[in-house]
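Colleague: what shape does this take:
(one chain, ligands or ions: 2)
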Amino acid sequence: MSHLLEVNHLKINFKTYGGEVKAVRDVSFHVDKGEVLAIVGESGSGKSVTVQSIMGLIPTPPGIIKGGSIRFQGKELLRRPKKELRKVKGSKIGMIFQDPMTSLNPTMRVGKQIEEGLIIHQRLSKSEAKKRAIEMIKLVGIPNPEERYNQYPHEFSGGMRQRAMIAIALACNPELLIADEPTTALDVTIQAQVLELMKQIQEETKTSIILITHDLGVVAETAQRVIVMYGGMMVESGTVFDIFENPKHPYTWGLLNSIPNIDEEEKKQLEPIDGSPPDLFAPPKGCPFAPRCKYAMEVCLEEMPSEYEIDGGHVAKCWLNDPRAPKEEELVALGR
Ligand code: SF4
Ligand code: MG
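Modeller: Ligands and ions are numbered 1, 2, ... in the order given. This next block holds a predicted model:
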């Protein structure tokens with residue numbers, strides 16, 4: 001069976017006065033129907049640029065699609081005419097952004113913003129669209145939907161605005177929902193509520209989701225598979241179990257060490273990963289994580305690590321997985 005979304009060897013640069021930034025460097029992944037794929041990594045790792053390219057949101061210029069393909073339901077999305085892309089985007093792929101205030105139209109009533117896609121893409125009549133918009137407001141858990149339908153975004157709280165974004169994104173029953181750090185701008189209790197809502201809707205509608213987050217706790221709760229990105233590259237990918245129980249990349253180890261473990265009696269010291277992300281104007285020729293990696297070997301500085309398949313679908317781009325590399329016990333001695 002073919003995948004719902006298939007990204008292959010995607011490469012994206014940005015032209016700047018200082019030179020070309022290599023924002024996405026040969027990224028490949030897929031999303032199947034009904035699954036939640038999480039993309040994790042620190043800011044600047046290429047997560048947002050990757051998903052924005054799926055939505056055709058990379059301005060060219062300054063963006064340059066250097067290569068690769070993005071196939072959705074078997075059809076290529078890259079280099080498609082804008083008009084056609086808008087059709088796919090609006091009806092089959094929905095997107096939720098980090099900050100609803102910048103993506104909602106402040107001058108338009110919330111109800112009308114939910115209706116827009118329904119009228120354009122689903123060709124609903126005005127009264128049908130209104131009915132559906134009110135249903136959607138209710139579905140995302142906003143009280144008094146009829147009243148809220150007529151209000152403007154500034155009359156909503158932050159959490160409600162994010163719910164309204166979810167309503168807009170889901171109104172046309174998309175096959176794929178892309179959520180780029182959907183809860184980062186919200187306070188912790190509201191974050192949990194919005195995530196719970198997304199999970200619940202996902203279970204009911206079986207919409208596939210790409211969830212970008214830097215919060216591994218959220219990943220464990222919501223996703224089935226995970227991609228770990230670093231310096232514009234995918235450094236590890238696998239199931240949630242692979243990533244949490246058998247991680248095979250030092251950067252993933254670092255991310256896991258930086259989440260609080262509430263099960264452990266003595267509070268584990270959180271370990272931020274020292275150092276800064278690689279310079280994407282002139283990425284190192286070897287492993288991009290080498291300058292921050294405690295286990296870096298000579299080869300790491302010289303050569304880009306190969307992709308090692310750990311077992312079915314679990315892949316790590318790190319020389320430590322080479323049969324010639326030091327074994328796990330030796331790493332433990334080094335403080336792993
Ligand atoms: Fe560290 Fe080398 Fe693995 Fe890169 S390839 S993460 S530098 S051990
Ligand atoms: Mg981002």
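Colleague: from now on I want contacts and neighbour counts done on CA atoms only, so please keep to that.
Modeller: Will do.
Colleague: could you identify the helix or strand that succeeds the helix or strand I12 falls within?
Modeller: Assigned by DSSP states H and E, I12 belongs to strand 5-16. Sequence order places strand 19-31 as the next helix or strand after strand 5-16, per DSSP H and E.
Colleague: helices or strands up against that following strand?
Modeller: Strand 19-31 is packed against strand 5-16, helix 47-54, strand 233-239, with contacts defined by 3 or more C-alpha pairs under 8 Å, 6 or more residues apart in numbering; DSSP states H and E.
Colleague: winner for burial among the ones you listed?
Modeller: Counting by mean count of other C-alpha atoms under 10 Å, strand 233-239 has the highest mean neighbour count of the helices and strands packed on strand 19-31, with a mean of 24.
Colleague: return the helix or strand just after that strand as PDB; C-alpha atoms alone will do.
Modeller: Per DSSP H and E, the first helix or strand lying C-terminal to strand 233-239 is helix 240-245. Extracted in PDB, the C-alpha atoms of helix 240-245 (Å, rounded to 0.1, in the frame of the first residue of the first chain):
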ATOM      1  CA  VAL A 240       7.800   5.800  20.000                       C
ATOM      2  CA  PHE A 241       9.000   2.600  21.700                       C
ATOM      3  CA  ASP A 242      12.300   2.600  19.700                       C
ATOM      4  CA  ILE A 243      13.000   6.200  20.500                       C
ATOM      5  CA  PHE A 244      12.100   6.100  24.200                       C
ATOM      6  CA  GLU A 245      13.300   2.600  25.000                       C
END
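Colleague: centre of the chain to helix 240-245, how far?
Modeller: 17 Å (C-alpha atoms, centre = their mean, to the nearest Å).
Colleague: any stretches of this protein with poor pLDDT?
Modeller: Along the chain, the model assigns pLDDT under 70 to residues 1, 259-272, 332-336.
Colleague: helices or strands up against the helix of greatest length in it?
Modeller: Secondary structure of the chain per DSSP state H: the longest helix is helix 188-205. Contacts defined by 3+ C-alpha pairs under 8 Å, 6+ apart place helix 188-205 against helix 158-170.
Colleague: tell me which parts of the stretch 101-250 of the chain are close to ligand 1?
Modeller: Residues of the stretch 101-250 of the chain lying close to ligand 1 by C-alpha under 6 Å from any ligand atom are H249, P250.
Colleague: tell me which residue of the stretch 101-250 of the chain lies closest to ligand 1.
Modeller: P250 (5.1 Å; C-alpha to the nearest ligand atom).
Colleague: skipping adjacent residues, who's closest to that residue in space?
Modeller: C293 (6.8 Å; C-alpha to C-alpha, 6 or more residues apart in numbering).
Colleague: how near is the one you found to ligand 1?
Modeller: According to C-alpha to the nearest ligand atom, to the nearest Å, C293 and ligand 1 sit 5 Å apart.
Colleague: hang on, that residue packs against H249?
Modeller: No: with contact defined as C-alpha atoms under 8 Å, C293 does not count as touching H249 (9.9 Å).
Colleague: element containing the spatially most central residue of the chain?
Modeller: Central residue of the chain (C-alpha atoms, centre = their mean): I212, 2.5 Å from the mean position. Using DSSP H and E, I212 maps to strand 208-213.
Colleague: comparing C293 and H249, which residue is more hemmed in?
Modeller: H249 (22 against 18; other C-alpha atoms under 10 Å).
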